[in-house]
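> Show me the folded form of this:
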Amino acid sequence: MRVPIVPLVIATALFMENTDSTILSTALPVIAHDLGLDPISLKLAVTSYLVSLAIFIPASGWVADRVGACTTFRLALVVFMAASVGCASSRSLAEFVMWRALQGAGGAMMVPVGRMIVVRSVSKPDLVRALSFLAMPSLIGPMMGPPLGGFIVTYADWRWIFFVNIPIGILGIVLATLFIPDAKHDTPPLDAKGFVLSALGLGGLVAGLAVSGRRIAPPEVAISLMCVGAVSLYAYVRHAFRVEKPLLDLRLLKFPTFEAGILGGTLFRLGVGATAFLLPLMLQLGFGLDAFSSGLITFAGAIGAFAMKPLAQRFLHRFGFRRLLIVNGLVASGLLIVNAFWTAATPGLLISLVLLIGGFSRSLQFTSLSAITYADMETRQIGAATGMATVAQQVSVSFGVAIGAMVLEASEWLGGRHAPAVADFSAAFIVVGVLSSLTSLAMLRLPSGAGDDIAGRGAITPAPLVP
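I've put the predicted structure just below:
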């Protein structure tokens, strides 16, 4: 079987991005200690990256068509690597957050443009296989990231976690130069007004949530940012329905499957995004584990996700989208809430087992949500739908991190403590787990036979699901 080279080239970027994000989650407490910061304040390092992704992703396809896909991809890799070096050299919270935001800008142009290159470079019969090759690093990265990050920050300097990106990025640039054509395409003018309004709206809301709390900024700053964000988003909604080709086409929400996928996915990712932030902190700050031990426990969830991928089609064929998304959404959210009941005396093996099952369930939910989002899309609408879905994913994870940190701080303050205790993490897990469970309510809006064709339950031969 001939291995498609272009997807494997693009996979270097996906592997780098996913490994970087999971390494950082494990390393946050050590970084905070070294910089003399409160660990909770480093939520800004996570949210700034995700907000930057959400701001720049909608424009990534336009830039690639204008400048050239290969040029844009290589430039994005350079930006990501340069920002990684900047993160490693940071001496303050402001510097660290600034470089993480620049990393997000590189990531926004790197992964979406890479996916676009893959779609355009292979024939339709080979597309699913090509995308499967592309998806593998997104599963391997989270498995490697926690133990690798934990090992580095436990036995070496935390700054080395960012230098891991450099050889991977250089390899990506060399391979892209050799194997990816620098194609350009005609494209309409960029919706500049929509870009500014969406950037202010998304950035303002998430930044306002991220700086709220006792540790970072006065309440009036957080409230002002959220007000700017809300007003800007309202203005964008009005703008989007008045122009022919808006940056994010809200008209796509008229499709029930797309609306359910966006709304349900946003609610579900609130809990998952918060858990990725909270769990390493609880294991290290609450239970007293070192970063390496923490990473060896948390990577079990990625193994569960990896194991699920070949089975997703069978589950959907057996149960259908609506029933599976409702029931599995509750199961996956319940497994998030289970994290609230761990104590320092809980065996690590038991925690890993629950995380393994939870990773399986969450990955099944993500795969099903991704598939149902595009169930009724026409080919010409896939690009716009992908941009909107990707932005929703990044913003919801940012919201999840911010909400989880807010609950953690509020519980700590109500308990009269000056540092988070296990009880504070428990409160945060319960809140974000309940929010995540609301995804099942969103799925009630789906018609009973929604997505049956791609699940293999209808008259049309199903296309395999893309992870």
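
> what's the spacing between Gly104 and Gly36?
25 Å (CB to CB, to the nearest Å). All C-beta atoms are positioned from the backbone trio N, CA, C, and that covers glycine.

> List of residues touching stretch 228-242?
193-194, 197-198, 200-208, 246-251 (CB atoms under 8 Å, 6 or more residues apart in numbering).

> just checking, which of those belong to helices?
Of the contacts of stretch 228-242, the ones assigned to helices by DSSP state H are 193-194, 197-198, 200-208.

> Buried among these? Need that as a selection in PyMOL.
In PyMOL syntax, the buried subset of the ones in helices among the contacts of stretch 228-242 is picked out as below (16 or more other CB atoms under 10 Å):
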select buried, resi 194+197+198+200+201+202+203+204+205+206+207+208
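
> Give the helix, strand or coil label for the residue nearest the centre of the chain.
The C-alpha lying nearest the average C-alpha coordinate of the chain belongs to Gln394 (CA atoms, centre = their mean; 5.1 Å). State at Gln394, reduced to three classes by DSSP: H, G, I helix; E, B strand; the rest coil: helix.

> My guess is it contacts Leu50. True?
Yes. The criterion here is CB atoms under 8 Å, and Gln394 meets it with Leu50 at 4.9 Å.

> that older thread, ok, Gly104 and Gly36, which is more surrounded?
Gly104 (26 against 9; other CB atoms under 10 Å).

> Please identify the helix or strand for the more buried one.
Per DSSP states H and E, Gly104 falls inside helix 93-121.

> tell me what that helix is packed against?
helix 5-35, helix 43-67, helix 69-88, helix 124-155, helix 382-414 (3 or more CB pairs under 8 Å, 6 or more residues apart in numbering; DSSP states H and E).

> mind running it again at 10 Å?
If you count contacts as 3 or more CB pairs under 10 Å, 6 or more residues apart in numbering; DSSP states H and E, helix 93-121 packs onto helix 5-35, helix 43-67, helix 69-88, helix 124-155, helix 165-179, helix 382-414.

> got the buried residues for the fifth one?
To tie it back to what came earlier, the one meant is helix 165-179. Asn165, Ile166, Ile168, Gly169, Gly172, Ile173, Leu175, Ala176.

> got those residues as JSON lines, with distance to Phe429 and pLDDT columns?
Output for those, formatted as JSON lines (distance: CB to CB, whole Å; pLDDT from 0 to 100):
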{"residue": "Asn165", "distance to Phe429": "30", "pLDDT": "88"}
{"residue": "Ile166", "distance to Phe429": "35", "pLDDT": "92"}
{"residue": "Ile168", "distance to Phe429": "33", "pLDDT": "88"}
{"residue": "Gly169", "distance to Phe429": "35", "pLDDT": "90"}
{"residue": "Gly172", "distance to Phe429": "36", "pLDDT": "88"}
{"residue": "Ile173", "distance to Phe429": "41", "pLDDT": "91"}
{"residue": "Leu175", "distance to Phe429": "41", "pLDDT": "87"}
{"residue": "Ala176", "distance to Phe429": "41", "pLDDT": "87"}
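
> As TSV, these with distance to Val111 would be great.
TSV is the format used below for those (distance: CB to CB, whole Å):
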residue	distance to Val111
Asn165	14
Ile166	18
Ile168	13
Gly169	13
Gly172	11
Ile173	15
Leu175	16
Ala176	13
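
> Closest to Ala305 out of the residues you listed?
Taking CB to CB as the measure, Ala305 lies nearest Ile168 of the buried residues of helix 165-179, at 21.0 Å.

> Could you report the separation of that closest one from Asp157?
Ile168 is 19 Å from Asp157, by CB to CB.

> Ok, Gln393 next?
From Gln393 over to Asp157 (counting by CB to CB), the distance is 32 Å.

> Over to Ala94?
21 Å.

> Check Ala240 too.
In terms of CB to CB, Ala240 sits 47 Å off from Asp157.

> what do you get for Leu35?
For Leu35, the distance to Asp157 - CB to CB - is 12 Å.

> ok, back up a step: what touches both of Gln394 and Leu50?
Between them, Gln394 and Leu50 share these contacting residues under CB atoms under 10 Å, 6 or more residues apart in numbering: Gly104, Gly107, Leu202, Val206, Gly273.

> Could you tell me which residues within the helix or strand the last one falls within count as buried?
Right, Gly273. Using DSSP H and E, Gly273 sits within helix 256-281. By neighbour count on 16+ other CB under 10 Å, the buried set for helix 256-281 is 257-281.

> my read: Val331 touches Gln365, true?
Yes. Under the criterion of CB atoms under 10 Å, Val331 makes contact with Gln365 at 8.7 Å.

> Just want to know which of the two has more residues nearby.
Gln365 (27 against 17).

> any idea which helix or strand carries that one?
Going by DSSP H and E, Gln365 is part of helix 348-373.

> tell me how far that helix is from the chain's mean position?
Centre-to-centre, helix 348-373 and its host chain are 14 Å apart (CA atoms, centre = their mean, to the nearest Å).

> where does the stretch 351-467 of the chain have low pLDDT?
379-383, 451, 454-467 (pLDDT under 70).

> re earlier: quick one: the helices and strands packed on helix 93-121 as TSV, columns for distance to Ala305 too.
Formatted as TSV, those follow (distance: least, CB to CB, whole Å):
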stretch	distance to Ala305
helix 5-35	11
helix 43-67	19
helix 69-88	23
helix 124-155	6
helix 165-179	21
helix 382-414	15
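
> Which of the ones you listed comes out lowest on mean pLDDT?
Looking at the helices and strands packed on helix 93-121, the lowest mean pLDDT belongs to helix 124-155 (a mean of 70).

> And the next helix or strand past it?
helix 160-163.

> could I have the strand or helix carrying Glu220 exported to PDB, CA atoms only?
Glu220 belongs to helix 219-240 when assigned by DSSP H and E. Output of helix 219-240 as PDB, limited to C-alpha atoms (Å, rounded to 0.1, in the frame of the first residue of the first chain):
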ATOM      1  CA  PRO A 219     -13.200  43.200  38.600                       C
ATOM      2  CA  GLU A 220     -13.800  46.300  36.500                       C
ATOM      3  CA  VAL A 221     -11.100  45.200  34.000                       C
ATOM      4  CA  ALA A 222     -12.700  41.800  33.500                       C
ATOM      5  CA  ILE A 223     -16.200  43.300  33.300                       C
ATOM      6  CA  SER A 224     -15.000  45.900  30.700                       C
ATOM      7  CA  LEU A 225     -13.400  43.200  28.500                       C
ATOM      8  CA  MET A 226     -16.500  41.100  28.600                       C
ATOM      9  CA  CYS A 227     -18.700  44.000  27.700                       C
ATOM     10  CA  VAL A 228     -16.500  44.900  24.800                       C
ATOM     11  CA  GLY A 229     -16.700  41.300  23.700                       C
ATOM     12  CA  ALA A 230     -20.400  41.000  24.000                       C
ATOM     13  CA  VAL A 231     -21.100  44.300  22.100                       C
ATOM     14  CA  SER A 232     -18.600  43.300  19.300                       C
ATOM     15  CA  LEU A 233     -20.200  39.900  18.900                       C
ATOM     16  CA  TYR A 234     -23.600  41.400  18.700                       C
ATOM     17  CA  ALA A 235     -22.300  43.800  16.000                       C
ATOM     18  CA  TYR A 236     -20.800  40.800  14.200                       C
ATOM     19  CA  VAL A 237     -24.000  38.900  14.100                       C
ATOM     20  CA  ARG A 238     -25.800  41.900  12.500                       C
ATOM     21  CA  HIS A 239     -22.900  42.300  10.100                       C
ATOM     22  CA  ALA A 240     -22.800  38.600   9.100                       C
END
